[in-house]
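Asks: Sharing a sequence plus its predicted fold:
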Amino acid sequence: MSEAQAVPEVTGKMFLYEKPELLMKEKHGALSLKPAAKPFGFAAKARAVPLTLGEIPTAMKNYPIIFMSKEQPQLLAITGLYDDINLFVDDNGNWEENCYIPAYVRRYPFGLAAENNGERMAIVIDRGFEGLTDAGDQPLFNNGEPTEQTQAAIDFCKNYERDRQMTDQFSKALIEADLVQPQTAQYTPMGATEPVNFAQYLNVEEQRLNTLDKEKVADFHSRGILPLAYAMLMSMGNWRLLLQRRAKRFNLSEEDIFKPVVN
């Protein structure tokens, strides 16, 4: 008697996903999507969100963009400070108007993850998403096939994965050139005589970037790396804006700007 085939499962955890499951018609064929009461409530506690290479030119206008680590060269858009509060998501679960929303967040509740054997990627959906129901107006499947909306989400996730792989190549090139170094964000509150260090992070070191040899500069320029590296440097001006955003949201004075808040 042959053994029953094991049902594929998602390996490990996924950031922001409560209960990721491989999207299958057998399990989700009768389910639908409906608008969540708080559209971005799932990301309300995220202090950083993954970012891909192509998002840098737009995301740099709103967020400091840093590297997760040299071992994990993921790009991150910083969305909060100190508290587990996303300063771009309001109490109603809406992302702040006119601010760029990272693709990692926009693809939710769909995503891409490794199957249990780790050999290939598969589309997942967060079974814990409050908008996933058996009475929604956007069916996931129709006659056993993904609906137009579901297929669009699947395509978006696949494109995101391609961008993520390109992002890893970009990050590794900068790390191999020894350009990614530990750095410190500082701010001098009004009336203070010394700056306060309020964030430690990894980013491109401007002096090293500016002193690259001509051969490496030409190589980075031809691969589109150079302008994006400078864009990341320009995004560092958003650290101060994050502090201002935090002070405004919690009505903090200059004296209290670094104090934790009770949410």
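Replies: Yes, it's here. Numbering: from 1, shown residues only.
Asks: where along the stretch 151-263 of the chain do the strands fall?
Replies: Along the stretch 151-263 of the chain, counting by DSSP state E, counting those that start in this stretch, strands occupy 180-187, 196-204.
Asks: Tell me which of these lies nearest to residue 133.
Replies: Residue 133 lies closest to strand 196-204 among the strands of the stretch 151-263 of the chain, at 39.6 Å (C-beta to C-beta). C-beta: built from backbone N, CA, C; applies to glycine.
Asks: other SSEs contacting that closest one?
Replies: Under the contact criterion of 3 or more C-beta pairs under 8 Å, 6 or more residues apart in numbering; DSSP states H and E, strand 196-204 touches strand 65-67, strand 180-187, helix 225-234, helix 238-249.
Asks: Please name whichever of the ones you listed is nearest to residue 54.
Replies: For residue 54, the closest of those is helix 225-234, at 9.2 Å, according to C-beta to C-beta.
Asks: Just want the angle from the closest one to strand 180-187.
Replies: Per axes from the mean of the first three to the mean of the last three C-alpha atoms, to 10 degrees, the angle that helix 225-234 makes with strand 180-187 is 30 degrees.
Asks: okay, helix 225-234 in CSV with CA atoms only?
Replies: In CSV, the C-alpha atoms belonging to helix 225-234 read as follows (Å, rounded to 0.1, in the frame of the first residue of the first chain):
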residue,chain,number,x,y,z
ILE,A,225,24.4,50.4,-9.5
LEU,A,226,26.0,53.8,-9.1
PRO,A,227,22.9,56.0,-9.3
LEU,A,228,21.0,53.7,-7.0
ALA,A,229,23.8,53.8,-4.4
TYR,A,230,23.7,57.6,-4.4
ALA,A,231,19.9,57.5,-4.2
MET,A,232,20.3,55.4,-1.0
LEU,A,233,22.6,58.0,0.4
MET,A,234,20.1,60.8,-0.4
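Asks: just to revisit the earlier point, nearest to residue 74, of the strands of the stretch 151-263 of the chain?
Replies: Using C-beta to C-beta, these put strand 196-204 closest to residue 74, at 10.7 Å.
Asks: what does that closest one rub up against?
Replies: Here strand 196-204 makes contact (C-beta atoms under 8 Å, 6 or more residues apart in numbering) with 64-70, 78, 81, 174, 179-189, 229, 232-233, 236, 239, 243, 258.
Asks: where in the stretch 1-150 of the chain is pLDDT low?
Replies: Filtered on pLDDT under 70, the stretch 1-150 of the chain yields the residue ranges 1-12, 115-119.
Asks: What ranges does it have for its helices?
Replies: Secondary structure of the stretch 1-150 of the chain (DSSP state H, counting those that start in this stretch): helices located at 25-28, 56-59, 103-106, 148-176.
Asks: from the helices and strands packed on strand 196-204, which stretch is densest packed?
Replies: Of all the helices and strands packed on strand 196-204, strand 65-67 has the most neighbours on average by mean count of other C-beta atoms under 10 Å, namely a mean of 24.
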